[in-house]
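1. give me coordinates for this.
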Amino acid sequence: MLESGSARNPRPPTLPLPRWALALPLLVVIAATAMAVAMIGGGKPARTASVAGGVAHVGGPAPAFTSWNLAGDKVSLVDFKGRPVLLAFWATWCTACQDELPALKGIEDRYQSTGFTVLAIDYKETNTVRMSEFLAGLHVNLEAVIDPDGAIATAYGVDIGLPISVLLDPTLTVRQIIVGLAPSAALEAAVGKVAAPTP
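-> Residues are numbered from 1 along each chain as shown. Next up is the predicted model:
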């Protein structure tokens, strides 16, 4: 014989929740938000570049800048005075940069004894992990400089059409601005004008 619903066993009494259990959902939300922010901001530099000295033009002084490399170390253009420098503006989304950056590394290696240095300035990117992986994938070990707000690029007239290379002589005077992908031989010839060739 079936019992009626009223004859079923009553529910056992519930115990009151401890106070910490009431805060648990809030703690879960806070932890999830913190993780999301960390994932979105992963590899994001905490610092930005600063620039002084006007706008670059051939024959004029290179605008001074201070920024950071991918390891978080400070990089200032003035520290390279007395050495020929090539500022190579690039980005991980730039397909032409995949060809040019290895060529620039080869030129830097050949002119190493003159102090010639390539500063690879990453244009308006903030994810240093992605930048490092991009360069590692190309087997390129250049001094990569962050320019997350494009402040350095603006001073050098860079707004689109990467790669752009700006060649500076040892007095940090702008000697040549090369827009777009240039043949390796043309880049090396330009460098040879401001740096004595390796014997």
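2. after the helix or strand of the chain with the lowest mean pLDDT, which helix or strand is next?
-> The least trusted helix or strand in the chain, going by mean pLDDT, DSSP states H and E, turns out to be helix 19-40, with a mean of 53. Counting by DSSP states H and E, the next helix or strand C-terminal to helix 19-40 is strand 50-52.
3. give the pairing partners of the following helix or strand past that following strand; include direction for each.
-> Next in sequence after strand 50-52, counting helices and strands by DSSP H and E, comes strand 64-68. Note on strand 64-68: by DSSP bridges, its sheet partners are strand 50-52 (antiparallel), strand 74-76 (antiparallel).
4. which residues are contacting the last one?
-> It stands for strand 74-76. Under the contact criterion CB atoms under 8 Å, 6 or more residues apart in numbering, strand 74-76 has outside partners 64-69, 119, 143, 145. Backbone N, C-alpha and C define where each C-beta goes, glycine included.
5. need those residues in CSV with pLDDT, distance to Ala91 and neighbour count, can you?
-> CSV is the format used below for the contacts of strand 74-76 (pLDDT from 0 to 100; distance: CB to CB, whole Å; neighbours: other CB atoms under 10 Å):
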residue, pLDDT, distance to Ala91, neighbour count
Ala64, 96, 23, 16
Phe65, 97, 17, 23
Thr66, 97, 21, 17
Ser67, 96, 15, 23
Trp68, 94, 17, 20
Asn69, 94, 16, 18
Leu119, 97, 15, 22
Glu143, 94, 16, 17
Val145, 96, 13, 23
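6. would you reformat those as CSV and include distance to Lys193?
-> Shown next, in CSV, are these (distance: CB to CB, whole Å):
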residue, distance to Lys193
Ala64, 23
Phe65, 23
Thr66, 27
Ser67, 27
Trp68, 30
Asn69, 27
Leu119, 18
Glu143, 22
Val145, 23
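7. give me the element the residue most central in space within the chain is part of.
-> Geometric centre of the chain, nearest residue: Ile146, 4.0 Å, by CA atoms, centre = their mean. Assigned by DSSP H and E, Ile146 belongs to strand 143-147.
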